[in-house]
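1. What follows is a predicted structure for the sequence shown.
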Amino acid sequence: MLFSRVPYRKGSRTKYVAASEENCYFLQDKCYDIIYSNKEILTLITEEGVKLAKRQYSWDIANLHKTYRFMLSKRGYLTAQGFVNQTKLGRNLIRYYGDELLKYLNCEVKPGDANCWLRLLTSKHRAIFHPLKHILLLVFLQESVDSIKENENKSFFAFGEGPYPCLNPVAEHYGQRLIEDVQIKRDENTGNPRGLFVCEKCGFSYSRIGPDKDINDQFRYNKVIEYGPVWKEKLNYFINNENLSKKETARRLNVSIETVRRYLNGFEKQPKKEAPTIKKLDELKKRWLNLVEQYPNYSQNQLRELDKGLYTLLYYYAKEWLQQNSPKGKTYHNGNKRFNWEERDKQVLPLIKKAIEKILNEEKPIRVTLYRIAQEAGISGLKSKLEKMPETKQYILSKLESVEQFQLRRAKWAIEMIKKQGMHVSKSKVMEMANLHKASIETMSKIDKLIESYNC
């Protein structure tokens, strides 16, 4: 109607008038040039508009935002921290459609404007946008209204969803998904996200430049940051106990000979620890005997988990005594005698309480998970034993944290840290410090209320 000569204020508003050269002047106007030069793009937009009008689509606003983020991530418009690069997005969308066409479609893009429709459409919002603006974004991203449904449940994670595998080649748990979280920063050389993965069980840490293309990428790394005590102990064992060559040791450890040499030189430069005095050794032995007496049903491995430092000292300086004064492996025979799980339940519960308390008191928040509790308490196979220990199970279930609960606790921690530094508590500071860029809209709403209550 914009380029028609047919008056719409006078006469019948419901009268149908066919378009013709006599009552339309756009054919001779500049608009014709714009339409003709952009006919392929306008055809795509029209096709998507027809599908939208003819078919019945139903999308949730929150899910639609997540879907757009996933689509943007595939095209490289999300930063390492998960933010939309609005400047790059706006600049490229203008380059794709052209300022002139966007102006005629009444969809001008101003990347620097906080109220720009493109910025709001790709951010968490509650506003309603004209379908044409959704179509413009979809066509630019080489998507369609149909692909919204296809990508509906997909979320953007630069390194896939955790937990992530430990890649320590000499650890018994190699390949097991024990790493709960990843620290993401922007790689200075490539501009891509760089993830730091730390296995708390063996100390092995590595980094990888993303984003990952498929799940197999989770089993590679670009650089080892720290090999950890388990790896170093294995290196020492191969050289000093098995008398392997540096070349064979490097092969087994999956590293270069130079790395083996570097760490061996480091071992040689370290001053040897002095053996404990007889008096000190007697004190260590008494501590071990107290543990054996306090936990009569514990195996040697379980006692070791209670005090690893004590066990290590006795192992190196009183190995024979340690073997003689540790629980012996039991031989089980078929019979009517059954294991007393009720007593075991009472023994394990205090260990679990202590482990959870320690997790919650960590300087930086750590999520309370079953794996973390078992690791802290030094109890292997805890998950399979819980059904036989009802009191322990009930207590653990009451303390386990969902993702949202953990995110809220991280937010509270971040708020307290910001206040201690004497700074104003803002949403951006809390999100950055607590790494909450993946939080849901519902969780962010609760965090907003938390921030408001602290700023009152």
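-> Arrived safely.
2. drop to CA atoms for contacts and neighbour counts, all remaining ones
-> OK.
3. Could you spell out which stretches of the protein belong to which domain?
-> 1-26, 38-150, 164-269, 278-324, 341-401, 404-455 (automatic domain parsing).
4. residue boundaries of the strands in the stretch 51-200 of the chain?
-> 164-165, 177-179, 183-186, 193-198 (DSSP state E, counting those that start in this stretch).
5. weakest of those by average pLDDT?
-> Looking at the strands of the stretch 51-200 of the chain, the lowest mean pLDDT belongs to strand 183-186 (a mean of 78).
6. my guess is T249 meets Y237, correct?
-> No: using CA atoms under 8 Å, T249 makes no contact with Y237, being 9.7 Å away.
7. Look at these two and report which has more neighbours.
-> Neighbour totals were compared for T249 and Y237, and T249 leads with 22 against 14 (other CA atoms under 10 Å).
8. Report the contact partners of the more buried one.
-> Going by CA atoms under 8 Å, 6 or more residues apart in numbering, T249 touches L235, F238, I239, V260.
9. where does the second one land in three-state SS?
-> The three-state label for F238, taken from DSSP: H, G, I helix; E, B strand; the rest coil, comes out as helix.
10. For it, which residues are in contact?
-> Applying CA under 8 Å, 6+ apart to F238 gives the contacts L244, T249.
11. how does it look with 10 Å?
-> K232, L244, S245, K246, E248, T249, A250, R252, L253 (CA atoms under 10 Å, 6 or more residues apart in numbering).
12. Which of the helices or strands spans I451?
-> Assigned by DSSP states H and E, I451 belongs to helix 441-455.
13. Give the buried residues for that helix.
-> T443, M444, I447, L450, I451 (16 or more other CA atoms under 10 Å).
14. follow-up on the earlier one: need the residues touching each of T249 and Y237.
-> N243.
15. if we can go back for a sec, among the domains of the chain, which comes closest to A158?
-> Closest approach to A158 among the domains of the chain (CA to CA): domain 164-269, 4.5 Å.
16. so after the helix or strand where M417 lies, what's the next helix or strand?
-> For M417, the host element (DSSP H and E) is helix 403-420. Using DSSP H and E, the helix or strand that directly follows helix 403-420 along the chain is helix 427-434.
17. and that following helix, what other elements does it pack with?
-> helix 403-420, helix 441-455 (3 or more CA pairs under 10 Å, 6 or more residues apart in numbering; DSSP states H and E).
18. neighbours of the nearest residue to D187 once chain neighbours are set aside, just the number please.
-> The shortest distance from D187 to any non-neighbouring residue, by CA to CA, 6 or more residues apart in numbering, is to R194 (5.4 Å). Using other CA under 10 Å, R194 has 24 neighbouring residues.
19. if we can go back for a sec, quick one: buried ones out of the contacts of T249?
-> Using 16+ other CA under 10 Å as the burial test, the contacts of T249 include L235, F238, I239, V260 as buried.
20. follow-up on the earlier one: could you say what helices and strands the helix holding M417 packs with?
-> Looks like helix 403-420 contacts helix 427-434, helix 441-455 (3+ CA pairs under 10 Å, 6+ apart).
21. pull the longest helix from the chain.
-> As assigned by DSSP state H, the longest helix anywhere in the chain is helix 341-360.
22. In that one, which residues are buried?
-> So for helix 341-360, counting by 16+ other CA under 10 Å, buried means D345, V348, L349, L351, I352, K353, A355, I356, I359.
23. got it, and stretch 414-428?
-> For stretch 414-428, by 16+ other CA under 10 Å, it's A414, I415, I418, V425, K427.
24. can you pull the contacts of G90?
-> Counting by CA under 10 Å, 6+ apart, G90 touches Y96, V109, K110, P111, G112, C116, L118, R119.
25. any chance of those in CSV, plus pLDDT and distance to I184?
-> Formatted as CSV, the entries for the contacts of G90 read as follows, by pLDDT from 0 to 100; distance: CA to CA, whole Å:
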residue, pLDDT, distance to I184
Y96, 90, 31
V109, 92, 30
K110, 88, 30
P111, 81, 26
G112, 78, 26
C116, 89, 29
L118, 90, 26
R119, 89, 24
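26. out of those, which one sits closest to P163?
-> R119 (32.0 Å).
27. and that closest one, what does it touch?
-> V84, N85, Q86, T87, L89, G90, V109, K110, P111, G112, D113, H125.
28. Would you mind measuring from P7 to S402?
-> As defined by CA to CA, to the nearest Å, P7 lies at a distance of 62 Å from S402.
29. same thing with T369?
-> Remark: distance between T369 and S402 (CA to CA) = 9 Å.
30. Could you do L121 as well?
-> The gap separating L121 from S402 is 29 Å, by CA to CA.
31. Name all residues that make contact with K149.
-> Residues in contact with K149 (CA under 10 Å, 6+ apart) are Y57, S58, W59, N63, L64, T67.
32. wait, which of those is closest to S384?
-> Using CA to CA, the contacts of K149 come closest to S384 at N63, 36.0 Å.
33. now that closest one, nearest residue through space, not along the chain?
-> Using CA to CA, 6+ apart, the nearest residue to N63 is E152, at 6.5 Å.
34. closest to Q324 out of the helices and strands packed on helix 403-420?
-> Using CA to CA, the helices and strands packed on helix 403-420 put helix 427-434 closest to Q324, at 49.4 Å.
35. And the contacts of that closest one?
-> 81, 364-365, 407-418, 423, 435-439, 444, 447-448, 450-452.
36. and K330, what pLDDT?
-> Model confidence at K330, given as pLDDT, is 47.
37. returning to that earlier point: tell me what the longest helix of the chain is packed against?
-> helix 370-377, helix 382-385, helix 390-399.
38. sorry, back to before: need the helices and strands packed on helix 427-434 in JSON lines with distance to C166, can you?
-> Listed next are these as JSON lines, based on distance: least, CA to CA, whole Å:
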{"stretch": "helix 403-420", "distance to C166": "21"}
{"stretch": "helix 441-455", "distance to C166": "30"}
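39. Including distance to K388 and mean pLDDT, could these go into a markdown table?
-> Formatted as a markdown table, the helices and strands packed on helix 427-434 follow (distance: least, CA to CA, whole Å; pLDDT from 0 to 100):
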| stretch | distance to K388 | mean pLDDT |
| --- | --- | --- |
| helix 403-420 | 27 | 88 |
| helix 441-455 | 35 | 84 |
